[in-house]
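Peer 1: My questions concern the predicted model and sequence given below.
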Amino acid sequence: MSLDKESVRKSSKAGDITLNYYEAGDGPGLPLVMLHGGGPGASAWSNFGAALPGFAASYRTLLVDQPGFGDSDKPPVVGNYFRHSAGYLEAFLDELGLERVHLLGNSLGGGTAARFAIENPKRVGRLVLMGPGGLNLSVTSPDPTEGVKRLMEFGAAPSREAMRAFISVMVVNQDLVTDELVDERLADATKPGAREAMASMGASFWNPDTFEDGMVWRDAHKIRAHTLLTWGREDRVNPLDGAFVALKQIPKARLHVFPNCGHWAQIEAADEFRDLVLAFLDAHVERTRS
């Protein structure tokens, strides 16, 4: 089963901006909101479009283009990006009347989801984090990682070759690095406003006044939701050794590692990823809050 992109596309105000998103499904449990990663050309659809039918069969599922990405508005980042995006996510949920949701975030989206869960604990049912930014504290791997280096190289000199080099680091299975994917991501990464938005996002993690707020691992002990950490064993963006501080700090955390898998578990281990996450979400029992 597949879903036509345009048939599930929607948009909503979120404070002073408009966010693009994709929605399908109407399951009885809490809605599931998915937040994509932050590489060049990333968007909700590029990260999760292929996965949407499998999740929408059980849950009302919303794939959200974070501020600065996809077809969402691209305001300059104020403060650190994780807090910036989490604030707009709160406004987005308010606009849609969604008091409480499950959250799933990949990479940059994982950092946003974690920050949101820290600041809004009563609004998160269960939390799924895939190689999350901000929570990964690598103790043995080089910094910046290979994936981050490829991202910075593309930002400095965008080209088809630089995009292919970046995507090649995302996965173990190089058959997934197709010409079509490279061209789609390159087109999204170079459309009006995209490069400026990427630069603004990146600067928020290097600026001396804002970078420390991106160290979400410092606040990980405040996450109260049941949390599933997922990692590709061969992740070259946020390496596996970065998982262990979050696993130790988050009170209700568990870790699943996908073998022969890089940074895009939802693509490279699609079936296993879907089944694992659905089982985790299905175990949620909503309790009445006083």
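Peer 2: On my side now, so go ahead.
Peer 1: ok, now which ones touch the residue lying closest to Leu108 once chain neighbours are set aside?
Peer 2: If the residues on either side of it in the chain are set aside, Leu108 comes closest to Gly38, at 3.0 Å by CB to CB, 6 or more residues apart in numbering. From N, CA and C alone the C-beta is placed, and that goes for glycine too. Each residue near Gly38 by CB atoms under 8 Å, 6 or more residues apart in numbering is listed here: 66, 69, 81, 107-109, 133, 201.
Peer 1: Now with 10 Å, please.
Peer 2: Contact partners of Gly38, counting by CB atoms under 10 Å, 6 or more residues apart in numbering, are 66, 68-69, 81, 85, 106-112, 133, 151, 198, 201-202, 205, 237.
Peer 1: same deal with Asp209?
Peer 2: Shown in contact with Asp209 (CB under 10 Å, 6+ apart): 79-80.
Peer 1: In three-state terms, label it for me.
Peer 2: Recorded secondary structure, Asp209: coil (DSSP: H, G, I helix; E, B strand; the rest coil).
Peer 1: Need phi/psi at it.
Peer 2: Torsion angles at Asp209 (phi, psi; degrees, to the nearest 10) stand at phi -90, psi -10.
Peer 1: rewinding a little: how much space between the residue nearest to Leu108 and Lys222?
Peer 2: Computed as CB to CB, to the nearest Å, the Gly38 to Lys222 distance reads 23 Å.
Peer 1: those strands in this structure, which residues are they?
Peer 2: For the chain, the strands defined by DSSP state E cover 9-14, 17-24, 32-35, 61-64, 101-106, 124-130, 226-232, 253-258.
Peer 1: how many neighbours does Arg254 have?
Peer 2: 12 (other CB atoms under 10 Å).
Peer 1: beta partners for it?
Peer 2: Beta-bridge partners for Arg254, by DSSP bridges, are Leu228.
Peer 1: Give the buried residues for stretch 187-205.
Peer 2: Buried residues in stretch 187-205, counted by 16 or more other CB atoms under 10 Å: 188-189, 194, 197-198, 200-202, 204-205.
Peer 1: export those residues to JSON lines and tack on pLDDT?
Peer 2: Converted to JSON lines, the buried residues of stretch 187-205 look like this (pLDDT from 0 to 100):
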{"residue": "Asp188", "pLDDT": "97"}
{"residue": "Ala189", "pLDDT": "97"}
{"residue": "Ala194", "pLDDT": "97"}
{"residue": "Ala197", "pLDDT": "98"}
{"residue": "Met198", "pLDDT": "96"}
{"residue": "Ser200", "pLDDT": "97"}
{"residue": "Met201", "pLDDT": "97"}
{"residue": "Gly202", "pLDDT": "96"}
{"residue": "Ser204", "pLDDT": "97"}
{"residue": "Phe205", "pLDDT": "96"}
